[in-house]
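Participant: Coordinates only, no sequence provided:
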């Protein structure tokens, strides 16, 4: 199951939530605290209760399944009817007008009505605070009233007990009710349930957090693991390449060398061999390195792949065809103002004059040159075709670092002049929607995608190289007979040129 294919991978969803369990815990704690505080601040309530005895004295109920006037079950079933009758507006008005104090001071016998003793009392309020239920499925009916005033609770309950029997008899000719026990003034407030409310709030907070994470999971279209590429797209993954971490701002510090970590060297070697195997039957020697959007690492991949090919003995030309945003000079430390591809296509210089040699053994570089006003037109011009034919006669492989397909149309202009394109996908950065869009554009213009390069910082996690990342590093280190890691890093930092620095490594990708 895959969310990008129209279904949800429940295992991935569970892992996604577990990785963010801290958010669930925080939301649960907030929910608990809020509900606990709210419950603790709620005013005390008092419940007064009395009872009525219900009898069924209507012989006509025999036709409705009641066998006799003493049938308890029929009386219990009448409780629901009685409750609705008691809560009717007519009965509530009677309760409001019931005299709860028949004798006044100095022998005054004027009755005091419930509505007079408690000004502002309404029938709607009484209807909301009273309840009726059968006691253990017996003919006894409990009438309860819960308010914030113990005296008000008792007075309302007793008023209902006085008015209800007559009202029931008048409205329902199916039985009789008689007040059994009247309510006393409750001495203690109802038991509080602060902790229970807090737990309910915690559960609600946790559920809300899980729901939010589920929505974010479904909305997340970024590539997280290689299986998403192999399951959704036709081109194969030619290699998994770990993205180096660190605060090094020197662009060239991430360039592949004979002192690089063993797993990095092997990753690019695998990419090199798979690419060469893929191109066995190709007539052209030119390969584009591109991606869907900016920032996915295509320039880094192109530079290191060129170095890997050169290490294997291939004569390689790396062309910076991203004329709008050239950055290879920041990796190989040549003059960024050097004449390059655009100058050759315009006719200002000859191809040999635009190639930077001696940058690396077996590796030459053609800079982007001056920024032209019409890069796409230059790339699809006859001059470009003639240039590539000439270069392919002198090099075993030509790699072209081109702009992202979804940003500009430059890569598509070269679709008929190359063997195909390597498509770089960056883990937890590349968007499936952008990948599909780029692949559709490539298919429409006839640009063959030779394969994907999966590029990310978590390549060694999971089962990409081993069950445990540390074990994977140990496996490579057993076969690494070169300078130890610490010494090689120090040596590399001392000998590397520092003529050009990039304050923002994102320009490389």
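Facilitator: Looks like it arrived, so ask away. Please read all numbers here as calculations on a predicted model, not as lab measurements.
Participant: Now stretch 194-209: buried residues?
Facilitator: Across stretch 194-209, burial judged by 16 or more other Cβ atoms under 10 Å covers 197-202, 204-206, 209. In this view, the C-beta of every residue, glycine as well, is placed from N, C-alpha and C.
Participant: Tell me if residue 334 really is in a strand.
Facilitator: No - checked against DSSP: H, G, I helix; E, B strand; the rest coil, residue 334 lies outside a strand; its state is coil.
Participant: quick thing: my sequence starts at 38, can you match it?
Facilitator: With 38 as the first residue, the last one maps to residue 371.
Participant: Without its sequence neighbours, what residue ends up closest to it?
Facilitator: In space, residue 371 comes closest to residue 393 once its chain neighbours are excluded; the distance is 4.8 Å by Cβ to Cβ, 6 or more residues apart in numbering.
Participant: Which members of the buried residues of stretch 231-246 define the maximum pairwise distance?
Facilitator: 234 and 246 (18.7 Å; Cβ to Cβ).
Participant: quick one on the thing from earlier: bridging residues for the residue nearest to residue 371?
Facilitator: Using DSSP bridges, the bridge partners assigned to residue 393 are residue 402.
Participant: who are the neighbours in contact with it?
Facilitator: 369, 371, 375, 401-404 (Cβ atoms under 8 Å, 6 or more residues apart in numbering).
Participant: do that again at 7 Å, thanks
Facilitator: 371, 375, 401-402, 404 (Cβ atoms under 7 Å, 6 or more residues apart in numbering).
Participant: What count of nearby residues applies to residue 442?
Facilitator: 28 (other Cβ atoms under 10 Å).
Participant: Residue 218 too?
Facilitator: If we define neighbours as other Cβ under 10 Å, then residue 218 has 14 of them.
Participant: And for the nearest residue to residue 227 once chain neighbours are set aside, the neighbour number?
Facilitator: Distances taken as Cβ to Cβ, 6+ apart put residue 82 closest to residue 227, at 4.9 Å, once the chain neighbours are dropped. Per other Cβ under 10 Å, the neighbour tally for residue 82 reads 16.
Participant: From what I see, residue 82 and residue 185 are in contact.
Facilitator: Yes - using Cβ atoms under 7 Å, residue 82 is in contact with residue 185, at 5.7 Å.
Participant: that older thread, let me see the contact set for the residue nearest to residue 227.
Facilitator: Contacts of residue 82 by Cβ under 7 Å, 6+ apart are 183-185, 226-227.
Participant: So, low pLDDT: which residues of the stretch 238-387 of the chain?
Facilitator: For the stretch 238-387 of the chain, applying pLDDT under 70 flags the ranges 282-290, 295.
Participant: who touches stretch 51-66?
Facilitator: So stretch 51-66 is in contact with 239, 242-243, 245-247, 250, 254, going by Cβ under 7 Å, 6+ apart.
Participant: Which residue lies nearest the spatial centre of the chain?
Facilitator: residue 253 (2.4 Å; Cα atoms, centre = their mean).
Participant: where's that one, which helix or strand?
Facilitator: helix 231-256 (DSSP states H and E).
Participant: Can you tell me which helices and strands that helix packs against?
Facilitator: helix 47-56, helix 58-78 (3 or more Cβ pairs under 7 Å, 6 or more residues apart in numbering; DSSP states H and E).
Participant: all helices of the stretch 438-546 of the chain, in order?
Facilitator: For the stretch 438-546 of the chain, the helices defined by DSSP state H, counting those that start in this stretch cover 447-450, 469-482, 506-515, 522-532.
Participant: same question, the stretch 38-187 of the chain
Facilitator: Using DSSP H, counting those that start in this stretch, helices in the stretch 38-187 of the chain cover 47-56, 58-78, 109-123, 126-133, 151-154, 160-166, 187-208.
Participant: nearest to residue 491, of those helices?
Facilitator: helix 47-56 (17.1 Å).
Participant: Now do that closest one and helix 231-256, the angle between them.
Facilitator: 120 degrees (axes from the mean of the first three to the mean of the last three Cα atoms, to 10 degrees).
Participant: Quick check: buried residues in helix 47-56?
Facilitator: For helix 47-56, by 16+ other Cβ under 10 Å, it's 49-50, 53-54.
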